[in-house]
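> Sequence and predicted model, in that order:
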Amino acid sequence: MEITKLTAFIFSPTGTTAMVAKPLAEALLPGARIVDLTCADAEEERFGPDELVLFAAPVYGGRIPAPAAKRFARIKGEGTPALLVAVYGNRDYDDALLELCDLAEENGFRPAGAGAFLAEHSIFHSVARGRPDAADLEAVRTFAGLAREKLARAAGAGEFGPLAVKGNRPYREFSGVPLKPQADRKCVKCGVCAENCPAGAIPADDPSKTDNSRCISCMRCVKVCPVGARRVNGLMLSVAEKPFAKKNSLRREPEWVL
Ligand SMILES: Cc1cc2nc3c(=O)[nH]c(=O)nc-3n(C[C@H](O)[C@H](O)[C@H](O)COP(=O)(O)O)c2cc1C
């Protein structure tokens, strides 16, 4: 089948999932349409069997972040081939890729390939620091080439059997991490964090507050704050980071199934 249209739906609070998904989309089909669903609610959209759709999200607690799953579920296929990408911070991706594949199938897509790629850990920055690196991006291009060959060989997405993606059902339970960024006295209430929060956890009328019950600890507010006023408790972070970094120091490599 010849793919002439590709749309990539990306959820990427601190931008590393996008650092993998954008070059992947470009390698699959130059000029691919990129839709950033990190903050925006997805418009309901439908795709036909001759288009290709890419879904990319980070791994949170071995799962797909709840807002990403909610937004992806509004995108519908009709036997449309899909590629699924999970990006994780060198611990494990557990059931995240399986969850993405299941979600795609439930919404009318035929998974043609699924890959797990590496990026710097968005909470514990010493883990997988600097990734995706040149070798990771080379792996992205290899995956793109193999996926393109698979699609070109097939007469239609109906030929694609189930992918042998790692993971278990029921999926791993994940109820969040206790590290919720707060604003300190530097906060000028500019509202950039509130506009950018994927979970609606920062009130627009008082951006110095955080609704901890909504916060998904994605660290986007820490990244976008123009005055460096948002951060997690430094003591809690360093106490948690040391053993975590030690346990997850061995470099993991990208892997995929096609
Ligand atoms: C709340 C939270 C949970 C995470 N859970 C995992 C995990 O289970 N396994 C892992 O390897 N990395 C985990 N990470 C790291 C992210 O998957 C990784 O840094 C990813 O590249 C972030 O993507 P982004 O830059 O697009 O936001 C977690 C990060 C956050 C914020």
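That came through fine. Numbers count the residues shown, from 1 in each chain.

> Which positions in the stretch 1-150 of the chain make contact with the ligand?
Within the stretch 1-150 of the chain, the positions adjacent to the ligand are 12-17, 58-62, 87-92, 119-123 by CB under 6 Å from any ligand atom. The C-beta positions use only the backbone N, C-alpha and C, and glycine is treated the same way.

> if we go to 5 Å?
Listed as neighbours of the ligand in the stretch 1-150 of the chain under the rule CB under 5 Å from any ligand atom: 12-14, 16-17, 58-62, 87-89, 91, 119, 121-123.

> quick one, phi/psi of residue 56?
phi -140, psi 130 (degrees, to the nearest 10).

> List the contacts of it.
8-12, 17-18, 20-21, 24, 84-87 (CB atoms under 8 Å, 6 or more residues apart in numbering).

> and with 6 Å instead?
By CB atoms under 6 Å, 6 or more residues apart in numbering, the residues touching residue 56 are 10, 17, 21, 85.

> what's across from it in the sheet?
Residue 56 forms beta bridges with residue 10, residue 85, as assigned by DSSP bridges.

> One more: the one 4 residues further on?
Here residue 60 sits in beta bridges with residue 63, as judged by DSSP bridges.

> for this structure, what spans make up the helices?
Applying DSSP state H to the chain gives helices spanning 16-28, 66-72, 96-106, 134-153, 192-196, 220-224, 234-247.

> Could you dump those into a markdown table and include mean pLDDT?
Below are the helices of the chain laid out as a markdown table (pLDDT from 0 to 100):
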| stretch | mean pLDDT |
| --- | --- |
| helix 16-28 | 98 |
| helix 66-72 | 97 |
| helix 96-106 | 98 |
| helix 134-153 | 98 |
| helix 192-196 | 98 |
| helix 220-224 | 98 |
| helix 234-247 | 96 |
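
> can you put the ones you listed in JSON lines and add mean neighbour count?
Formatted as JSON lines, the helices of the chain follow (neighbours: other CB atoms under 10 Å):
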{"stretch": "helix 16-28", "mean neighbour count": "22"}
{"stretch": "helix 66-72", "mean neighbour count": "21"}
{"stretch": "helix 96-106", "mean neighbour count": "23"}
{"stretch": "helix 134-153", "mean neighbour count": "16"}
{"stretch": "helix 192-196", "mean neighbour count": "18"}
{"stretch": "helix 220-224", "mean neighbour count": "20"}
{"stretch": "helix 234-247", "mean neighbour count": "12"}
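
> Including distance to residue 46, could the ones you listed go into TSV?
Output for these, formatted as TSV (distance: least, CB to CB, whole Å):
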stretch	distance to residue 46
helix 16-28	19
helix 66-72	14
helix 96-106	14
helix 134-153	20
helix 192-196	28
helix 220-224	29
helix 234-247	42
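
> how about these, which one is nearest residue 209?
Among these, the nearest to residue 209 by CB to CB is helix 192-196 (9.3 Å).

> That'll do, ta.
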